[in-house]
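Enquirer: Attaching a predicted model along with its sequence, questions to come.
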Amino acid sequence: MKYIKSLLLIFLILGCAVETNEEPFTEPAPEWTFVACEGNYGSSNGSIFMINNKGITQEIKDVGDVVNSLTVYENKLIALINNSHKMMIYEIYDQGLRMPGIEIDTDQSGPRQMVVFDDKIYFTNWNSSDVKIFNLKNYVIEDAIQLSGNPESIAYHDGNLIVGIQSNDDYSDSNKLHVINPVSKEISETFEVGYGPTDIEVRGKSIYVANTYYDASYNAFYGSTELDLTTKQVSINNYGPGIVCGGDVLTLNQEIYRSFAGGIAQIDENLDILSETKIGDFPPTQLYSSESNNGKIYFGLTNYVDINVVKVYDSNNNEIASYDVGIIPGDFAFWKGE
């Protein structure tokens, strides 16, 4: 009997000492993709659509008239609502956005696009022809950098703002790209790029620009520009008329891609479009926006009525998700929690 008890005791001790190589399950950090759904111009049905990394969706409806652009800064989502002339700032947390958010009146400025650094939002405005500066510490518009024409695209590079002027004061196409010192609030350099600088992407010491411009009959023409800030050389490639390109330029796997023929495709050192690298194949008239994040590509599709979809692709041209979203998905922003 004692022998049996001793064996049982040894078994229990050894059983308790058994180790496992399995790692304990850790819940992945929450992630959110935010989609600016413009809504119908002249109404207030613009919305912010939200998708988390579990595929759960939410929508904040009736944000305003034309939700034009979004950006994430730390744990804040910032939205510019163009025809409502306002900015909305929301706190992001694991479950989404804390409501109702903070509304800032931009004084009929017609806000367009933005970049954020050093606790300040720099945003372009058509109606007031300037770049306004909003302080995230005291929540006031503290100053403005006055320009001519209609500033649209904006980026930050090496301590400077890069601002593209989409059109002139008379709404003819502009070809100006300004380098602006945010401290002195003065233009330090101006470059002539392709007409209609619509979108900007920074890679290394180069600024890449997607160009969209029009003739007297409002036929669209497209091109791409590279500005090398080291050599100050400007390279322009005009692709010509049609609806095959669109107006986005983005970085994917450290290469520059441009919207093209209902998808995106890489552009080479001569700014030629490499059609064999194309990702996505949608009706060109429906492809409204495209963006990349963590090796994924997000396409915003719309027919301005009953087709309003976001498609998510990987870099091998495989569709991995599809979501019905608000009206006219036009911009994306991304957040990852801790």
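Expert: Perfect, I can see it now.

Enquirer: hey, let's count contacts and neighbours off CA atoms from now on
Expert: Fine.

Enquirer: What is the end-to-end distance of stretch 266-275?
Expert: Terminal residues of stretch 266-275 are spaced 8 Å apart (C-alpha to C-alpha, to the nearest Å).

Enquirer: and residue 306, helix, strand or coil?
Expert: coil (DSSP: H, G, I helix; E, B strand; the rest coil).

Enquirer: Could you measure from it over to residue 328?
Expert: In terms of C-alpha to C-alpha, residue 306 sits 10 Å off from residue 328.

Enquirer: what's the answer for residue 292, then?
Expert: 18 Å.

Enquirer: The two: who's more crowded?
Expert: Using other C-alpha atoms under 10 Å as the criterion, residue 292 and residue 328 rank with residue 328 on top: 30 against 22.

Enquirer: contacting residues around the more buried one?
Expert: For residue 328, the contacting residues are 37-40, 288, 300-304, 308, by C-alpha atoms under 8 Å, 6 or more residues apart in numbering.

Enquirer: which of those residues are buried?
Expert: 37-40, 288, 300-302, 308 (16 or more other C-alpha atoms under 10 Å).

Enquirer: From those, which land in strands?
Expert: 37, 288, 300-302, 308 (DSSP state E).

Enquirer: Format those as JSON lines; extra columns: pLDDT and distance to residue 196.
Expert: JSON lines is the format used below for those (pLDDT from 0 to 100; distance: C-alpha to C-alpha, whole Å):
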{"residue": "37", "pLDDT": "98", "distance to residue 196": "23"}
{"residue": "288", "pLDDT": "96", "distance to residue 196": "17"}
{"residue": "300", "pLDDT": "98", "distance to residue 196": "21"}
{"residue": "301", "pLDDT": "98", "distance to residue 196": "22"}
{"residue": "302", "pLDDT": "97", "distance to residue 196": "23"}
{"residue": "308", "pLDDT": "98", "distance to residue 196": "26"}
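
Enquirer: now the residues you listed in JSON lines, with distance to residue 106?
Expert: Output for these, formatted as JSON lines (distance: C-alpha to C-alpha, whole Å):
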{"residue": "37", "distance to residue 106": "20"}
{"residue": "288", "distance to residue 106": "26"}
{"residue": "300", "distance to residue 106": "27"}
{"residue": "301", "distance to residue 106": "29"}
{"residue": "302", "distance to residue 106": "28"}
{"residue": "308", "distance to residue 106": "28"}
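
Enquirer: ok, so of these, who is nearest residue 83?
Expert: Proximity of these to residue 83 (C-alpha to C-alpha) peaks at residue 37, which lies at 13.4 Å.

Enquirer: what about the helices in the protein?
Expert: Using DSSP state H, the helices found in the chain span residues 2-17.

Enquirer: residue ranges with poor pLDDT in it?
Expert: Counting by pLDDT under 70, the chain has low-confidence residues at 1-25, 243-244.

Enquirer: Disregarding residues adjacent in the polypeptide, which is nearest to residue 246?
Expert: residue 259 (5.4 Å; C-alpha to C-alpha, 6 or more residues apart in numbering).

Enquirer: residue contacts, the one you found?
Expert: Contacts of residue 259 (C-alpha under 8 Å, 6+ apart): 245-249, 265, 290.

Enquirer: just checking, which of these belong to strands?
Expert: 249, 265, 290.

Enquirer: What is the burial count for residue 324?
Expert: The burial count for residue 324: 15, using other C-alpha under 10 Å.

Enquirer: pretty sure it is in contact with residue 308, am I right?
Expert: Yes: Residue 324 sits in contact with residue 308 when judged by C-alpha atoms under 8 Å, with a separation of 6.0 Å.

Enquirer: Distance check, the closest residue to residue 250 other than its chain neighbours against residue 273.
Expert: Distances taken as C-alpha to C-alpha, 6+ apart place residue 257 nearest to residue 250, at 5.3 Å, with adjacent residues excluded. For residue 257, the distance to residue 273 equals 8 Å [C-alpha to C-alpha].

Enquirer: Those two: which is more packed in?
Expert: Neighbours of residue 257 and residue 273, each counted by other C-alpha under 10 Å, are more numerous for residue 257; the result is 29 against 22.

Enquirer: quick revisit: residues shared between the contacts of residue 257 and residue 273?
Expert: 265-267.

Enquirer: Of the residues you listed, just say which sits nearest to residue 206.
Expert: residue 267 (13.6 Å).

Enquirer: what residues are up against the closest one?
Expert: 256-258, 273-274.

Enquirer: ok, now with 10 Å
Expert: For residue 267, the contact set (C-alpha atoms under 10 Å, 6 or more residues apart in numbering) comprises 224, 249, 255-259, 273-275, 277.

Enquirer: Now list the buried members of those residues.
Expert: If we count by 16+ other C-alpha under 10 Å, the contacts of residue 267 have these buried: 224, 249, 256-259, 273.

Enquirer: and the two most separated of these?
Expert: 249 and 273 (11.7 Å).

Enquirer: list residues touching both of those two?
Expert: 224, 257-260, 264-267.

Enquirer: could the residues you listed be laid out in TSV, adding distance to residue 128?
Expert: As requested, the shared contacts of residue 249 and residue 273 are exported to TSV (distance: C-alpha to C-alpha, whole Å):
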residue	distance to residue 128
224	27
257	32
258	30
259	29
260	32
264	33
265	35
266	35
267	34
